[in-house]
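Enquirer: Return a 3D structure for these sequence lines:
(one chain, ligands or ions: 1)
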Amino acid sequence: AVFQDASSLPSDKQYDIIVVGGGTAGSVIASRLTEDPKINVLLIEAGPDDEGAIDLQIPGNFPDGIEPKYHWNFTTTPQSGLNDRAIPYDRGHVLGGSSSINGMVYTRGAADDYDRWANVTGDNGWKWNSLLPLIKRHERWSGAVGGRNISGQYDPTVHGYDGQTKVALPWSGPNAFDNLCLEEAKAGSEFPFNLDPNSGQPLGLTWVQSTFGGGERSSASRAYLHTSVRQRSNLDILVNTRVTRVLSVGNVGSKDFRTVEIGTTVGALRNVTARVEVVLSAGSIGTPHILLLSGIGNKTELDAVGVPSTHELNDVGKNLSDHFSIFAFGTSTAPDPPPVDHTAALLQWTQNRTGPLTESVVPHQLLWTRLPSNSEALQKYGDPSSGPNAPHIEIALIWGPNFGGAASLLTPHSRGSVTLASSNPFTDPLININYLTHPFDIEVLKEAIRTMKRFYSAPGFSSFIATPIAPDPDAGEAEFEAYTRNSGVTALHAVGTASMSARGAEAGVVDPDLKVKGVKGLSIADASVIPYAPTGHTSAPVYILAERASDLIRSRY
Ligand SMILES: Cc1cc2nc3c(=O)[nH]c(=O)nc-3n(C[C@H](O)[C@H](O)[C@H](O)COP(=O)(O)OP(=O)(O)OC[C@H]3O[C@@H](n4cnc5c(N)ncnc54)[C@H](O)[C@@H]3O)c2cc1C
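Expert: Now for the predicted structure:
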């Protein structure tokens, strides 16, 4: 059943597992665990239910067409690497979490990323090859809406067909600009065409794949918590309710954190205790926030805000890393693509779930590249990537009205943190991502623009380009740096604030089985446990991680 507020939750009911946060990972875990009728689950989500929320279902509503109540609307602290700009830092505040409001780009990243998870944790279950069956279990490949011919635009062998999350190619295309990009790649340029970005080998030019299907967004809640799952008698979903702390059962010294404190205001909080385990899936900001409020973190920092320490674990909230993007554009000689008539598009979407609103604003072609191996940045600062098949750079190739791209740094050296501003659980935490504070990071963005310049210097583009892309680091390095720091944007891909590490390792927050180090009854499964920024957008790695987390938790019974 779905309960709209904490007061309506039955007080006499016993839950085996309480999942905190009904977001991307939390929806997967609640759904998978309750496939076993013997496991009783309570899923608690701070935001509202997404049932019937049409604005969330229209892919073309991203990013501006989604109601404010579905966003957390965080802001970072002033970022020294961004000339002290404090920038908006959004997360989904609704069932489905960020998957209900995100840009839907579906990229698993490089196989090397997962193999590094296995290396740092000493658990081969995190290797790409071990995870492959779970990847296929989560995905339901959905082709392209409207049934256009998509052969040669993806590799059927790397997809899952019977899973939950719909993944598809865009409704439209290839357009004139797509064709120019594809012709260059297929002509054997420096940038080869890659049939599928999700094979574990993403380098090259690829068609974008997204988490939508049948013309609608496929969020974690729509995919994993659909009507028949919601009707399971062993699953209760409580929405509009914050978890403020996890508490030890019995005395504080027992460190058996199976109780959650819930509510909507400081004066009216109540406790619910799980019989077996509490799973935190509140995301890279929410999960460390709850842990720190509970006294699990660095004791000196907790003392400073008046939170009594219950378990010393220094890395909670640390190691925050994120992708960072800049835009560069030139002008083209070609007529602009026709503008979308929104009223007609909405009518088309409403009538038969086709048309321009079935795809997001994200462009059709993504280019994934590595820094040249002789690049000064690599020589000077070392290579933070997970391996030779992992890109440092993503360029989303954009057309209309100008042409150019969004260039993203995928492998930052900079690290930030989530810390407490106050012991009041309803005060936002301090989110300090420390963008571009390591010199490597801005060097990668310079190389990204140089890459874009080489891409657009192919003969096919010669009659298309009126003025070259700007800003250009080679036309003025200081101006480029100022532009990047003043106008660069977050990719909203935060990870790492409760990282997994090897069993027995002092660094890190969870063991390879996702149990919080040194305590009982408490585990974490969401983007916060991912130790390094993946070399792709983060929702696919979270789905994959959540599928394995579900198996790990079930295996503990
Ligand atoms: C605007 C935006 C665009 C993005 N675009 C893309 C993209 O195109 N492709 C891509 O792959 N990734 C994208 N991402 C990133 C991706 O969506 C996230 O990395 C991923 O969804 C995170 O999953 P999660 O389970 O860790 O957290 P979330 O999905 O954020 O789930 C956390 C859940 O916990 C709830 N919660 C938090 N605190 C509490 C609390 N105290 N009590 C109860 N509940 C709580 C939240 O409300 C939320 O529902 C985007 C993210 C955003 C915000």
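
Enquirer: Now do the contacts for the residue with the largest distance to the centre of the chain.
Expert: Note on the chain: the largest C-alpha distance from the chain mean falls to Ser463, namely 38.2 Å (Cα atoms, centre = their mean). Ser463 is in contact with Thr333, counting by Cβ atoms under 8 Å, 6 or more residues apart in numbering. The way it works is simple: take the backbone N, C-alpha and C, and place the C-beta from them, glycine included.

Enquirer: what about it, which helix or strand?
Expert: Using DSSP states H and E, Ser463 is not contained in any helix or strand.

Enquirer: Ok, Trp141 next?
Expert: Per DSSP H and E: strand 139-144 holds Trp141.

Enquirer: near the ligand, anything from that strand?
Expert: No - using Cβ under 6 Å from any ligand atom, strand 139-144 stays clear of the ligand, with a minimum separation of 13.1 Å.

Enquirer: how many neighbours does the residue in the stretch 301-450 of the chain that the ligand sits nearest to have?
Expert: Nearest to the ligand, among the residues of the stretch 301-450 of the chain, is Val362, at 6.5 Å (Cβ to the nearest ligand atom). Residues lying near Val362 (other Cβ atoms under 10 Å) number 19.

Enquirer: Verify the stated contact: it with Thr107.
Expert: No - Val362 lies out of contact with Thr107 (Cβ atoms under 8 Å); the separation is 10.9 Å.

Enquirer: ok, which stretches of the stretch 301-450 of the chain are helices?
Expert: 342-352, 376-381, 439-456 (DSSP state H, counting those that start in this stretch).

Enquirer: As TSV, those helices with mean neighbour count and distance to the ligand would be great.
Expert: Shown next, in TSV, are the helices of the stretch 301-450 of the chain (neighbours: other Cβ atoms under 10 Å; distance: least, Cβ to the nearest ligand atom, whole Å):
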stretch	mean neighbour count	distance to the ligand
helix 342-352	14	19
helix 376-381	14	25
helix 439-456	21	18
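
Enquirer: CSV for those helices, including distance to His537 and mean pLDDT?
Expert: Shown next, in CSV, are these (distance: least, Cβ to Cβ, whole Å; pLDDT from 0 to 100):
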stretch, distance to His537, mean pLDDT
helix 342-352, 24, 96
helix 376-381, 23, 96
helix 439-456, 16, 98
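
Enquirer: Next to the ligand, which bits of the protein? Give me the list.
Expert: The interface of the chain toward the ligand, taken as Cβ under 6 Å from any ligand atom, is made up of 20-26, 44-47, 90-93, 97-99, 101-105, 242-243, 281-284, 286, 290, 492-493, 526-527, 537-540, 542.

Enquirer: Strands - which of the residues you listed land there?
Expert: Val20, Ile44, Arg242, Val243 (DSSP state E).

Enquirer: so what's the second one up against?
Expert: Right, Ile44. Ile44 touches Ile18, Val19, Val20, Gly21, Gly22, Leu238, Thr241, Val243, Val260, Ile262, counting by Cβ under 8 Å, 6+ apart.

Enquirer: So which of the residues you listed is surrounded by the most neighbours?
Expert: Counting neighbours by other Cβ under 10 Å, Val19 comes out on top of the contacts of Ile44 with 34 neighbours.

Enquirer: From Arg554, how far off is that residue?
Expert: Distance of Val19 to Arg554, given as Cβ to Cβ, to the nearest Å: 13 Å.

Enquirer: Check the contact lists of those two and give me the overlap.
Expert: Shared contacts of Val19 and Arg554, defined by Cβ under 8 Å, 6+ apart, are found at Leu33.

Enquirer: got the phi/psi numbers for Asn129?
Expert: With angles defined as degrees, to the nearest 10, Asn129 sits at phi -60, psi -30.

Enquirer: cool, and Phe3?
Expert: Torsion angles, degrees, to the nearest 10, at Phe3: phi -110, psi 130.

Enquirer: quick one: it from Asp112, how far?
Expert: Taken as Cβ to Cβ, the span from Phe3 to Asp112 is 43 Å.

Enquirer: buried sites along stretch 73-89?
Expert: For stretch 73-89, a neighbour-count test (16 or more other Cβ atoms under 10 Å) marks Phe74, Thr76, Thr77, Gln79, Gly81, Leu82, Ile87, Tyr89 as buried.

Enquirer: Not counting sequence-adjacent ones, nearest residue to the closest residue to the ligand within the chain?
Expert: Residue of the chain nearest the ligand, by Cβ to the nearest ligand atom: Gly23 (1.8 Å). Excluding the flanking residues, the one nearest Gly23 by Cβ to Cβ, 6 or more residues apart in numbering is Gly97, at 2.0 Å.

Enquirer: same question for stretch 138-145, mean pLDDT?
Expert: For stretch 138-145, mean pLDDT rounds to 97.

Enquirer: just use 4 as the starting number from now, easier for me
Expert: Happy to do that; since the first residue is 4 now, the last one works out to stretch 141-148.

Enquirer: So which residues make contact with it?
Expert: With Cβ under 8 Å, 6+ apart, stretch 141-148 has contacts from 31, 153, 159, 162-174, 215-218, 221, 226, 356-357, 361, 546-547, 550.

Enquirer: what's the most distant pair in the buried residues of stretch 76-92?
Expert: Across the buried residues of stretch 76-92, the longest distance by Cβ to Cβ is 18.1 Å; it joins Phe77 and Gly84.

Enquirer: if you go through the stretch 204-353 of the chain in chain order, where are the strands?
Expert: 207-210, 215-216, 219-220, 238-241, 245-250, 262-266, 272-283, 299-300, 314-315, 327-335 (DSSP state E, counting those that start in this stretch).

Enquirer: From the contact counts, what lies against the second one?
Expert: Spelled out, it's strand 215-216. If you count contacts as 3 or more Cβ pairs under 8 Å, 6 or more residues apart in numbering; DSSP states H and E, strand 215-216 packs onto strand 142-147, strand 168-172.

Enquirer: What of the last one?
Expert: Contacting strand 327-335 under the criterion 3+ Cβ pairs under 8 Å, 6+ apart are the following elements: strand 396-402, strand 406-412, helix 442-459, strand 468-473, helix 480-490, strand 492-493.

Enquirer: neighbouring strands for it, and are they parallel or not?
Expert: According to DSSP bridges, strand 327-335 forms sheet pairs with strand 406-412 (antiparallel), strand 468-473 (antiparallel), strand 492-493 (antiparallel).

Enquirer: need those in a markdown table with mean pLDDT and mean neighbour count, can you?
Expert: Listed next are those as a markdown table, based on pLDDT from 0 to 100; neighbours: other Cβ atoms under 10 Å:
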| stretch | mean pLDDT | mean neighbour count |
| --- | --- | --- |
| strand 406-412 | 97 | 25 |
| strand 468-473 | 96 | 15 |
| strand 492-493 | 98 | 18 |
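
Enquirer: in stretch 327-347, what's buried?
Expert: For stretch 327-347, by 16+ other Cβ under 10 Å, it's Phe327, Ser328, Ile329, Phe330, Ala331, Phe332, Gly333, Ser335, Ala337.

Enquirer: Kindly apply the preceding question to stretch 397-407 instead.
Expert: Glu397, Ile398, Ala399, Leu400, Ile401, Trp402, Asn405, Phe406, Gly407.
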